[in-house]
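Peer 1: Provide a 3D model corresponding to the input given below.
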Amino acid sequence: MRVYFDNAATTPLDSRVLAELKDKLENLYGNPSSIHQLGRTSKNEIEKARKIVAQNINASTGEIFFTSGGTESNNTALKCAVRDLGVRRIITSPIEHHCVLHAVECLEGSDDIEKLLVNVDPLGHFELDHLEELLSQTDEKTLVSLMHANNEIGTMADIKAIGEICRKYGAFFHSDTIQTVGHFPIDVSDLYVHFMSGSAHKFHGPKGVGFLYINSDSLIKPFIDGGGQERNMRGGTENLHGIIGMGKALELASGEMEERREVISRIRSHMKHRLLETVDGVCFHGEQEGDHLYTVLSVSFPQGPKTEMMLMALDIAGICASGGSACSSGSDKGSHVIEKIGDVEGRKTIRFSFSHLNTLEEVEYAVEKISDFFPRVSKKEGVVSGETKA
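Peer 2: Purely as a prediction, here's the structure:
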């Protein structure tokens, strides 16, 4: 049996997106910058996709720019804010995705930007009083970059509240929303946010394509120079079929959002309760009671003689999961997020992440294989440092 529980890393391509792409790959091959009919048709398909993205987050089409994915979108926002908007300080957190943390480290070294880290509590919540304290320290132009939902533990930030704090102190605000676009309703007209990122392969679209929302008041220059594509914001021939696929995938995700959420939440809840029934001392990282990313379940397993081999053994059994962010490396090196929020030495964290394509039968199969690593339970709940019980 093959079980795919690594949807936070990437999702399978929706069959309806595949059908759309197959048709367009065969019949639509004009360069969108060409003035002939085939080129104009290609350009029109790009603008149709742009409209879908804009409508999904309630933005203007003029505020949506297509990129190669979330990493490029985040890098563009951070580096162009420094280069073009006079930003001298960046406030971020120690549990951001590496594409944000490494970009900020690069700016810190090459542009003499001051990096500040907002405090994070054991559940992965940003401490907003500390954010306000950091913003109040100086009048220097500051960019706050805080993610909407953590990709490893699923804790969500109140980006509306963060935006209002940024407004109070005149700071720019960038949010990595890569895990939440297509899974939660987002309305930029109701938020004080200047930059926001999305990536198609997180909501059953193709890999290698994403978007960056740039508020119309944030006038930055191109990150990639070239032939003036994307209204002179990103040079290079557009990834036509990737953009078409992203538009189709987001249209489907938006239209089926509540239905998918109900299915995924049921699967996640079932896995939590089955693990509590099966593994003595199992716990869960991140927020479990309040707002959380319902696609992610970060599980902390107790120490055992075979615990370190769990991911490999699950893979051999046909179960795909991860030890953290799939983007940090190709090996299981541990997680900077788990290290920051705290865990008891010797425990093993595995992230299971779900989609509406998963089933309860797959959960039962996975729990059966996991149970082979541990003695039968004598209790149902436990808590270790930085974790919550069910």
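
Peer 1: Please report the distance of the spatially closest residue to His36 that is not a sequence neighbour from Leu240.
Peer 2: Counting by CB to CB, 6 or more residues apart in numbering, His36 lies nearest to Gly30, which is 6.9 Å off, once chain neighbours are set aside. Yep, even glycine has a C-beta here, placed from its N, CA and C like the rest. Distance, Gly30 to Leu240, using CB to CB, to the nearest Å: 8 Å.

Peer 1: Looking at the two, which has the bigger crowd around it?
Peer 2: Set Gly30 next to Leu240 and count neighbours by other CB atoms under 10 Å: Leu240 wins out with 22 against 17.

Peer 1: that older thread, what's near enough to touch the residue nearest to His36?
Peer 2: Neighbouring residues of Gly30 by CB atoms under 8 Å, 6 or more residues apart in numbering: His36, Gln37, Leu38, Gly39, Arg40, Thr41, Ser42.

Peer 1: What about those residues, which are in helices?
Peer 2: Gln37, Leu38, Gly39, Arg40, Thr41, Ser42 (DSSP state H).

Peer 1: ok, so what distance separates the spatially closest residue to the second one that is not a sequence neighbour from Arg50?
Peer 2: Using CB to CB, 6+ apart and skipping residues adjacent in sequence, the residue nearest Leu38 is Gly30, 3.1 Å away. Using CB to CB, one obtains 17 Å as the distance from Gly30 to Arg50.

Peer 1: lowest-pLDDT helix or strand in the protein?
Peer 2: Least confident helix or strand, the chain: strand 387-388 with a mean of 44, by mean pLDDT, DSSP states H and E.

Peer 1: Next, count neighbours for the closest residue to Ser355 other than its chain neighbours.
Peer 2: Nearest residue to Ser355 in three dimensions, chain neighbours excluded: Asn7, at 4.4 Å (CB to CB, 6+ apart). Look at Asn7: counted by other CB under 10 Å, it has 23 neighbours.

Peer 1: re earlier: who wins for neighbours among the ones in helices among the contacts of Gly30?
Peer 2: Neighbour max across those (other CB under 10 Å) = Ser42, 22 neighbours.

Peer 1: where are the low-confidence patches of the stretch 201-350 of the chain?
Peer 2: 324-333 (pLDDT under 70).

Peer 1: Break the protein into its domains for me.
Peer 2: 3-10+257-376, 15-255 (automatic domain parsing).

Peer 1: picking that back up, with pLDDT and distance to Thr155 as added columns, please give the ones in helices among the contacts of Gly30 in a markdown table.
Peer 2: A markdown table is the format used below for those (pLDDT from 0 to 100; distance: CB to CB, whole Å):
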| residue | pLDDT | distance to Thr155 |
| --- | --- | --- |
| Gln37 | 96 | 50 |
| Leu38 | 96 | 47 |
| Gly39 | 97 | 46 |
| Arg40 | 97 | 46 |
| Thr41 | 97 | 44 |
| Ser42 | 98 | 41 |
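
Peer 1: which residues does Leu297 contact?
Peer 2: Counting by CB under 8 Å, 6+ apart, Leu297 has contacts Gly154, Arg268, Met271, Lys272, Phe284, Arg351, Phe352, Ser353, Phe354.

Peer 1: make it 6 Å
Peer 2: Arg268, Phe352 (CB atoms under 6 Å, 6 or more residues apart in numbering).

Peer 1: Who does Asp6 form a beta bridge with?
Peer 2: Ser353 (DSSP bridges).

Peer 1: Was I right to think it contacts Ile319?
Peer 2: No. Judged on CB atoms under 6 Å, Asp6 makes no contact with Ile319 at a distance of 9.3 Å.

Peer 1: So for these two, which residue has more residues nearby?
Peer 2: The residue with more neighbours, out of Asp6 and Ile319, is Ile319; 23 against 18, by other CB under 10 Å.

Peer 1: what's the more buried one sitting at in phi/psi?
Peer 2: Main-chain torsions, Ile319, degrees, to the nearest 10: phi -110, psi 120.

Peer 1: ok, it to Glu108 distance?
Peer 2: Relative to Glu108, and taking CB to CB, Ile319 is found at 39 Å.

Peer 1: What of Ser254?
Peer 2: 37 Å.

Peer 1: go on, Thr11?
Peer 2: For Thr11, the distance to Glu108 - CB to CB - is 33 Å.

Peer 1: next one: Asn44
Peer 2: 43 Å.

Peer 1: just to revisit the earlier point, the more surrounded of Thr11 and Glu108?
Peer 2: More crowded of Thr11 and Glu108, by other CB under 10 Å: Thr11, with 25 against 13.

Peer 1: So the closest residue in space to Lys115 that isn't next to it in sequence versus Phe301, what's the distance?
Peer 2: Using CB to CB, 6+ apart and skipping the chain neighbours, the partner closest in space to Lys115 is Glu108 (4.7 Å). Glu108 is 36 Å from Phe301, where distance means CB to CB.

Peer 1: Just the residues contacting stretch 204-212, thanks.
Peer 2: Outside stretch 204-212, the residues that reach it (CB under 6 Å, 6+ apart) are 11, 14, 17, 53, 64-70, 73, 76, 197-201, 239, 242-243, 245-246, 249.
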